[in-house]
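[1] Could you look at this predicted model? Sequence included:
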Amino acid sequence: MTGKEPLLGTLKACILAIKEGSSPCTDASPHLAPFCEILEMILRKGIKQPVLGFKRRDYWHWLEQLPQQDTCSGVTPLSIMVEKASSCEKVLTAQGRGRYFLRLALNQKSLATAIQQLARSPKLLECYDPLVSVLGNEDFMEPFLSLMLVVSEMNFSLDLQNSSFLDESWLLPVCMTYETVPCRELGMVLRYLDGRIFVIEVLPESQAEVDEVVLAGDVIDEISGFSLRNARNGQAGTVLQKLKGKPLSFRMIRWKGHDGGMYKPLLPYLKVLREKVPSFQLQQEHRHKEEKEERCLQGGRLLYNLRYLGQANVGKYGGKEVLDEGIPTVLEQHLCPREVLFDVKETEVFIQEKTSSKVLCQYSYPEISCVGRHLDSNNLFAFCVAVSPGTPEHSTFDCLVFESNSENECEEIIKRIGLKRSYPAVTENETKTKTSYDGKAHMQNSKDIRIYSDTYR
């Protein structure tokens, strides 16, 4: 008589815990990782290992050997999932591919289908020892399949892009997206380590610092859909060269975990980083966090609280020099200041009344001819826009003047608008050679990578 299998009882408890939580179950659920760990233990228990040879079998090896076609309909959903797991660029091992498949199957409610197909396959007894396994034992296989049918009725919404650490752990990192338009300076110093790209410094007053998304210690996982898992030296620069002049989307892996502490699978990497770069320090917070807390939050974006002082036409020339004429002209009008919310977006400047939320104006960055500060006042700044950009021969320029709350805030706004108006360039010096978009090469002493471009004048 077959005894009880403790793993099945533990699996049942994990399933009940997930069902009692919110639906759908996401990566943030504290019950997800324990459930996946127990499920993996069951799938591994009693797998027959080859007598000769060094390659150990894992459950992925039988998953990828399941029949790939249905005699009636041809390709099956199961075969499509196996193909997706096989081709995923973010996992490199059989363990990683098996885990990716399980997460995909949970999302698609297809885990029971895979187990049922294995149960009907003659390969079952080739893969599992019936004396010690769950899947090879008929008495255990039936309750296990029943539990999988219950799981297939549950809703999961797992981020399949968050797969770069499945080779190492079921504990997944916090991922976020950093989007930026072509700009003069990104300002991230990078270091390659064992196929991963770490940000070891965010340069002061750079675009990355102004945007306040990336922290020193974070990992670049993707750039605009290009996976950088198992990246070779210089690969980030190669990708950025291909995307020259286009908006960029960085998928970042946070060094902080879901609990706010260190994401544990990163510990071995960070230990080596500190040995190679003694000056490297994990960045806890963004440098301008205190200033941003004083701003207005709207739709998940932090906006500047400014005073709009008015505008004046400055003629047919919109260069920076006309600000010295335009700002005094506006001030001489003695108009009543209007409280506005000023948003420096990815593709435009967006300005609305604070009290009514009425949109006053919005200008894409190509429409802005210049931006700058009045030398006689630390808090005033202005930018010029073409009045009739569609007919350049008849176009004139308006100068719009604003008052900020501090000199630092004024300089920050000017810098952000100026950077987003400018054209990007990328520099790599991983191999002690600096390469920019113009194709010229210059010798460097650093082994790090700085993403930046020429200074805007």
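    Happy to help now that I have it.
[2] Confirm for me that Leu111 is in contact with Met148.
    Yes: using Cβ atoms under 8 Å, Leu111 is in contact with Met148, at 5.3 Å. For the C-beta atoms, the positions are set from N, CA and C on the backbone; glycine is no exception.
[3] Which one's more surrounded, those two?
    Leu111 (24 against 21; other Cβ atoms under 10 Å).
[4] Which residues are in contact with the more buried one?
    With contact taken as Cβ atoms under 8 Å, 6 or more residues apart in numbering, Leu111 is in contact with 102, 105, 148, 151-152.
[5] Asn378 contacts Ile414, correct?
    No: Asn378 is beyond contact range of Ile414, at 11.7 Å (criterion: Cβ under 8 Å).
[6] between those two, who's got more neighbours?
    A side-by-side neighbour count of Asn378 and Ile414, using other Cβ under 10 Å, places Ile414 first with 17 against 14.
[7] Do you have the strands of the stretch 1-150 of the chain handy? List them.
    Using DSSP state E, counting those that start in this stretch, the strands of the stretch 1-150 of the chain run over 69-70, 74-75.
[8] mean pLDDT for those strands: which is lowest?
    Comparing mean pLDDT across the strands of the stretch 1-150 of the chain, the weakest is strand 69-70, with a mean of 50.
[9] ranges for the strands of the stretch 301-450 of the chain?
    301-315, 338-344, 348-353, 359-364, 368-373, 380-386, 397-403, 433-435, 441-443, 449-451.
[10] Quick one: work out the angle between the third one and strand 380-386.
    Following axes from the mean of the first three to the mean of the last three Cα atoms, to 10 degrees, one obtains 120 degrees for the angle between strand 348-353 and strand 380-386.
[11] Neighbours of the nearest residue to Ser157 once chain neighbours are set aside, how many?
    Closest residue to Ser157 apart from its sequence neighbours, by Cβ to Cβ, 6 or more residues apart in numbering: Pro24 at 4.1 Å. Pro24 has 13 neighbours, counted by other Cβ under 10 Å.
[12] Is it possible to get a markdown table of the strands of the stretch 301-450 of the chain that adds distance to Thr238, mean neighbour count and mean pLDDT?
    Formatted as a markdown table, the strands of the stretch 301-450 of the chain follow (distance: least, Cβ to Cβ, whole Å; neighbours: other Cβ atoms under 10 Å; pLDDT from 0 to 100):
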| stretch | distance to Thr238 | mean neighbour count | mean pLDDT |
| --- | --- | --- | --- |
| strand 301-315 | 32 | 18 | 89 |
| strand 338-344 | 30 | 18 | 92 |
| strand 348-353 | 30 | 18 | 93 |
| strand 359-364 | 30 | 14 | 92 |
| strand 368-373 | 32 | 20 | 90 |
| strand 380-386 | 35 | 23 | 93 |
| strand 397-403 | 40 | 22 | 94 |
| strand 433-435 | 10 | 17 | 28 |
| strand 441-443 | 15 | 10 | 29 |
| strand 449-451 | 11 | 24 | 51 |
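[13] Please name whichever of these is nearest to Ser279.
    Shortest distance between Ser279 and the strands of the stretch 301-450 of the chain, using Cβ to Cβ, is found for strand 449-451: 14.8 Å.
[14] quick one, phi psi at Ala216?
    phi -60, psi 130 (degrees, to the nearest 10).
[15] So it is in contact with Ile200, correct?
    Yes: between Ala216 and Ile200 there is a contact under Cβ under 8 Å: 6.0 Å.
[16] more crowded one of those two?
    Between Ala216 and Ile200, Ile200 has the larger neighbour count (other Cβ under 10 Å), namely 23 against 17.
[17] Just to check, the more buried one is in contact with Lys276?
    No: the pair Ile200 / Lys276 is not scored as a contact, 9.3 Å apart, by Cβ under 8 Å.
[18] Overlap of the contact sets of these two?
    Both Ile200 and Lys276 are in contact with Arg191, where contact means Cβ under 8 Å, 6+ apart.
[19] ok, Arg416 to Ser364 distance?
    In this view, Arg416 and Ser364 are 15 Å apart by Cβ to Cβ, to the nearest Å.
[20] Keep only those of the contacts of Leu111 that are in helices.
    Judged by DSSP state H, those include 102, 105, 148, 151 as members of helices.
[21] now the end-to-end length of stretch 228-240.
    Using Cα to Cα, to the nearest Å, one end of stretch 228-240 lies 12 Å from the other.
[22] Mind listing what's buried along it?
    For stretch 228-240, a neighbour-count test (16 or more other Cβ atoms under 10 Å) marks 228-229, 231, 234-237, 239-240 as buried.
[23] cool, stretch 88-95 as well?
    Buried positions in stretch 88-95, judged by neighbour count with 16+ other Cβ under 10 Å: 88, 90-91, 94-95.
[24] swap in stretch 30-50?
    If you call a residue buried by 16+ other Cβ under 10 Å, then stretch 30-50 has these buried ones: 31-32, 34-36, 38-40, 42-47.
[25] can you put those in TSV and add distance to Leu302 and pLDDT?
    As requested, these are arranged in TSV below (distance: Cβ to Cβ, whole Å; pLDDT from 0 to 100):
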residue	distance to Leu302	pLDDT
His31	34	94
Leu32	31	94
Pro34	37	95
Phe35	37	97
Cys36	36	97
Ile38	42	97
Leu39	42	97
Glu40	42	97
Ile42	47	96
Leu43	46	94
Arg44	47	94
Lys45	51	94
Gly46	55	92
Ile47	52	92
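[26] that older thread, mind checking the strands of the stretch 301-450 of the chain for the one nearest to Val132?
    Closest to Val132 of the strands of the stretch 301-450 of the chain is strand 449-451 (Cβ to Cβ; 50.4 Å).
[27] all helices for the stretch 51-200 of the chain, in order.
    Secondary structure of the stretch 51-200 of the chain, counting by DSSP state H, counting those that start in this stretch: helices at 59-63, 77-87, 94-107, 111-120, 124-127, 138-151.
[28] Go through these and find the least confident stretch.
    Note on the helices of the stretch 51-200 of the chain: lowest mean pLDDT is at helix 124-127, with a mean of 79.
[29] Give me the residues contacting it.
    47-48, 57, 61-62, 118, 135-136.
[30] Dump the C-alpha coordinates for that helix into PDB.
    This file holds the C-alpha atoms of helix 124-127, laid out as PDB (Å, rounded to 0.1, in the frame of the first residue of the first chain):
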ATOM      1  CA  LEU A 124       6.700   8.700 -18.500                       C
ATOM      2  CA  LEU A 125       8.400   5.600 -17.100                       C
ATOM      3  CA  GLU A 126      11.600   6.400 -19.000                       C
ATOM      4  CA  CYS A 127      11.700   9.700 -17.200                       C
END
